[in-house]
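Trainee: predicted coordinates and the sequence they were generated for:
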Amino acid sequence: MSRQDLRTRLAALAPPRSAACLVLLCSYFEKEGLQKAEGELQKQGEHPLDLLPISEKERPADMVRRLGALPDSLHFDVLALRWLKRLDLRLAHQLDERQDEDPMRGIDGVLYRLRRRNEDLAKALGDVTWEADQSRSTAAYCRHHKLVPAEPVKGIEIECRTADDWGDPYLHRRLKRLLSGRDPPLRVMLWPFLGHLDFEVEDWTASGKTRAPKPIRCISLRGVRNESDLLEDTENALAEARSLKVAILVFPELVMTSKAAARVREVLSGHGADGFPILTLFGCCHRRCADGRADVNEALLLGPDGSELCSHQKLTHYTNRDRRISERLDPGEKLTVLECGFGNLVPLICLDFVNPSVVTVISATHGNVLLVPSLSPKTSTYTHVAAGLHASNRACSFVCNRRFEDPQPCSEDPAGTSFYRAGRSVFSHFPQRKEDAGMPFVLFDAWTDQQRIK
């Protein structure tokens, strides 16, 4: 029945545009699966990953007629796969055709946006096996594009922002040059604030109503008492990032007071549009939501001149059942993908990165450069999730983590550490290498890491 549905939907397209045809074909195979078609190819002596696309001269209208004339058989599916491969290649060279496309409905009835995967960073670093290298995966036949749901997934909206929707043309020219081989290369700095921070903690529990004999305490991090130390360390980070010509600087979750955030903006505004870091992401201290009944946990992404480019509201609240503490959050409802010249950036906060429901949403996007401010006692689970997201999205993950308590030397505390995973390049258990001993940050350098893993 689904083959007939596909025929009917293709025939109804007037005219049959390449993008709309690709959405129907890809969603058809997502619904029906690929195992039978791939099995038939194997029996014919052709490996599915070596399947050739149809001729470049074939027009969509011709292919609609060819599929319409074929009976219900695996030959139908094989021809549809060959056409899917051609459409993917054709659209990869015709970006304008799909750039302003409205959401399109798949064969499964779901609305999708067709977005470019754009995995240049992972490819530059030496790849490992991912979804497109596996059987039973539509990514093997549609390597350049992904269907991203235009409807909420598990209650979370996926916002796709093209380069026209954030930043300015000059910013995007700078970002695009980062993988060109010219100086400076793409560098990402993770600055977890290794010094003492005296957090100002507020307890919600006294004002709450509960019958639990030992209620979970809901706490807020309202500020940092030794704010002068925070400001000094923040300025050191900005100066170091400028000196090293860092593209992206990431601070931890919940550390920036309003005064520290204002200082970051002030320093960056002095750098101007040509300054470094190009992008700065940090987590703000808790603030009350509009009705005063919960907190907002937010991360802000700033441009080189300190202008705000994007904000992310944490989607999942922190709870530690053993210590009986939790956040009382007004959770966010949106995950944003920021498309740029070297990848698709996704700002997240702490447990957003490991929560199973949110990971499902991340996997459904074309996001592949994941930037994560965090405040967690350990990050061992994060490293496993990073490996899984590389397998599904070819994602490079950068987690800047600080423990709530003051950090300990690596030998005593290897778990609660900042790390990155990018292609075959993995750095964790900070500081891991002897030459990095005493450094207050983790630095990813695309050129250095590219040479190290060859």
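Mentor: Nice, I can see it.

Trainee: how many neighbours does T381 have?
Mentor: Neighbour count of T381, defined by other Cβ atoms under 10 Å: 13. For every residue, glycine as well, the C-beta is placed using N, CA and C.

Trainee: contact partners for the residue lying closest to it once chain neighbours are set aside?
Mentor: Leaving aside its chain neighbours, T381 sits nearest to V354 (5.2 Å; criterion: Cβ to Cβ, 6 or more residues apart in numbering). Applying Cβ atoms under 8 Å, 6 or more residues apart in numbering to V354 gives the contacts T381, Y382, V385.

Trainee: right, and R161 touches E339 too?
Mentor: Yes - counting by Cβ atoms under 8 Å, E339 is a contact partner of R161 at 6.6 Å.

Trainee: neighbour count: those two, which is higher?
Mentor: When neighbours are counted by other Cβ under 10 Å, R161 and E339 differ, and E339 comes out ahead with 20 against 17.

Trainee: so that one is in which element?
Mentor: According to DSSP states H and E, E339 maps onto strand 334-340.

Trainee: still on that earlier bit, okay, and which of the contacts of V354 map to helices?
Mentor: Using DSSP state H, the subset of those located in helices is T381, Y382, V385.

Trainee: what about the residue nearest to the second one when sequence neighbours are not counted, how many residues close to it?
Mentor: Right, Y382. Spatial nearest neighbour of Y382, chain neighbours left out: V399 (5.4 Å); criterion: Cβ to Cβ, 6+ apart. By other Cβ under 10 Å, 30 other residues sit near V399.

Trainee: just the one 3 residues further on next, same as before
Mentor: Here the neighbour count serves as a burial measure; for R402 (other Cβ under 10 Å) it reads 26.

Trainee: repeat for L348
Mentor: L348: 28 surrounding residues under other Cβ under 10 Å.

Trainee: give me the three-state assignment for the residue lying closest to it once chain neighbours are set aside.
Mentor: Excluding the flanking residues, the one nearest L348 by Cβ to Cβ, 6+ apart is V372, at 4.8 Å. State at V372, reduced to three classes by DSSP: H, G, I helix; E, B strand; the rest coil: strand.

Trainee: distance of V372 relative to Y420?
Mentor: For V372, the distance to Y420 (Cβ to Cβ, to the nearest Å) stands at 10 Å.

Trainee: out of those two, which sits in the more crowded spot?
Mentor: Under the criterion of other Cβ under 10 Å, the comparison of V372 against Y420 puts V372 first, with 33 against 24.

Trainee: now do the end-to-end distance for stretch 46-57.
Mentor: Its start and end residues considered, stretch 46-57 measures 23 Å (Cα to Cα, to the nearest Å).

Trainee: ok so, going back, quick check: neighbours shared by V372 and Y420?
Mentor: Listed as contacting both V372 and Y420 by Cβ under 8 Å, 6+ apart are S397, F398, V399.

Trainee: so which of the residues you listed is the closest to P331?
Mentor: V399 (20.1 Å; Cβ to Cβ).

Trainee: ok so that closest one is a helix residue?
Mentor: No - checked against three-state DSSP, V399 lies outside a helix; its state is strand.

Trainee: give me the helices and strands touching the helix of greatest length in the chain, please.
Mentor: The longest helix of the chain (DSSP H) is helix 74-92. Packing contacts for helix 74-92, counted by 3 or more Cβ pairs under 8 Å, 6 or more residues apart in numbering; DSSP states H and E, involve helix 2-11, helix 18-32, helix 35-43, helix 60-69, strand 145-149.

Trainee: pretty sure R225 contacts E200?
Mentor: Yes - between R225 and E200 there is a contact under Cβ under 8 Å: 5.6 Å.

Trainee: quick one: which of those two has more around it?
Mentor: Legend: neighbour count by other Cβ under 10 Å for R225 and E200, higher for E200 (15 against 12).

Trainee: helix, strand, or coil at the more buried one?
Mentor: Per three-state DSSP, E200 ends up strand.

Trainee: leaving out sequence neighbours, find the closest residue to it.
Mentor: G223 (4.2 Å).

Trainee: which element is R143 on?
Mentor: R143 is part of no helix or strand when elements are defined by DSSP H and E.

Trainee: and it, what does it touch?
Mentor: The contact partners of R143, by Cβ under 8 Å, 6+ apart, come to D88, R117, A132.

Trainee: from those, which is closest to I216?
Mentor: Taking Cβ to Cβ as the measure, R117 is the one of those closest to I216, at 41.0 Å.

Trainee: report the helix or strand with the lowest average pLDDT across this structure.
Mentor: Taking mean pLDDT, DSSP states H and E as the measure, helix 95-99 is the helix or strand of the chain with the lowest mean score, a mean of 51.

Trainee: residue contacts, the residue nearest to T360 when sequence neighbours are not counted?
Mentor: Take T360 and drop its neighbours on the chain: the residue closest to it by Cβ to Cβ, 6+ apart is K154, 6.2 Å away. If a contact means Cβ under 8 Å, 6+ apart, then K154 has S357, V358, T360, V361 as its contacts.

Trainee: the spatially closest residue to the first one that is not a sequence neighbour and A364, how far apart?
Mentor: Sequence neighbours aside, K154 is the residue nearest to S357 in space, at 4.8 Å (criterion: Cβ to Cβ, 6+ apart). To A364, K154 is 9 Å away according to Cβ to Cβ.
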